[in-house]
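> Sequence first, then the predicted structure, then my questions.
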Amino acid sequence: MAGTTSTTISVSFNANGGAQYYPSNQIAVPADTIATVTWQAYKAGTAPMPAFVKDSIKATGTDAIRVKFNIPASLGDPRYVASFVSTYDNSGSSAPISAQVQFNLVDPLAGQNPPVIDGGGSIRNKGTSIWVWSLVFLAAGLLAGILIGYTAAAGQSSGSPNPLIIAIAGLVVGFGLGLVYARSGIKRMS
């Protein structure tokens, strides 16, 4: 029998008028689990209250059929809702769900035709590929550091600095580059 998880993602506008998500718009769906996410418009401080454009809420991607929506009736303007629920059915499967949730946000108090902002989130199985990319980038950086240190040490004459010190310096540089690449890799993959 499949397990179940549920979470709430609050969506608001950031200082630049774009969408921001709390805690995140990355949806983790463990293997053999049905995950439910409530997307809730959130008004922080004096920021405008976002609303979801009803007709824009959809799932895209290879497994979009495994994503279902429960969109409540509108209160006020029939074009918008303040929240909706998405359900991700990964029951009986250990493979990741390859899909994304997409929607548009507006400030419903900004007139008849308020500006539309793109929003959404991506779905992945909990604990899958993103950390693997971090390890790949770190390993590549370490290897590059070792090769640079070894090459530099091999080319040194007997009166130059100790080859071991140069190899260690190359290793440290490679590790640092690996961390930089890992962080940029995570941003691109998420």
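Thanks, I have the structure now. Numbering: from 1, shown residues only.
> Please enumerate the helices of the protein.
130-154, 163-189 (DSSP state H).
> how is this structure carved up into domains?
Split into domains by automatic domain parsing, the chain comes to 3-124, 130-189.
> Those domains: lowest mean pLDDT?
Of all the domains of the chain, mean pLDDT reaches its minimum on domain 130-189 (a mean of 61).
> how much space between the closest residue in space to residue 20 that isn't next to it in sequence and residue 22?
Closest residue to residue 20 apart from its sequence neighbours, by CB to CB, 6 or more residues apart in numbering: residue 14 at 4.3 Å. Every residue, glycine included, has its C-beta placed from N, CA and C. For residue 14, the distance to residue 22 equals 11 Å [CB to CB, to the nearest Å].
> What of residue 10?
For residue 10, the distance to residue 22 - CB to CB - is 5 Å.
> joint contacts of the two?
Residues touching both residue 10 and residue 22 (CB atoms under 8 Å, 6 or more residues apart in numbering) are residue 42.
> out of the two, which sits in the more crowded spot?
Neighbour count, other CB atoms under 10 Å: between residue 10 and residue 22, residue 10 has more, with 17 against 13.
> Against residue 43, how distant is that one?
Look at residue 10 and residue 43: by CB to CB, they are 10 Å apart.
> Next: residue 97.
The value you get for residue 97 to residue 43, if CB to CB is used, is 31 Å.
> what about those two, which has more around it?
Each of residue 97 and residue 43 has its neighbours counted (other CB under 10 Å); residue 97 has more, 23 against 13.
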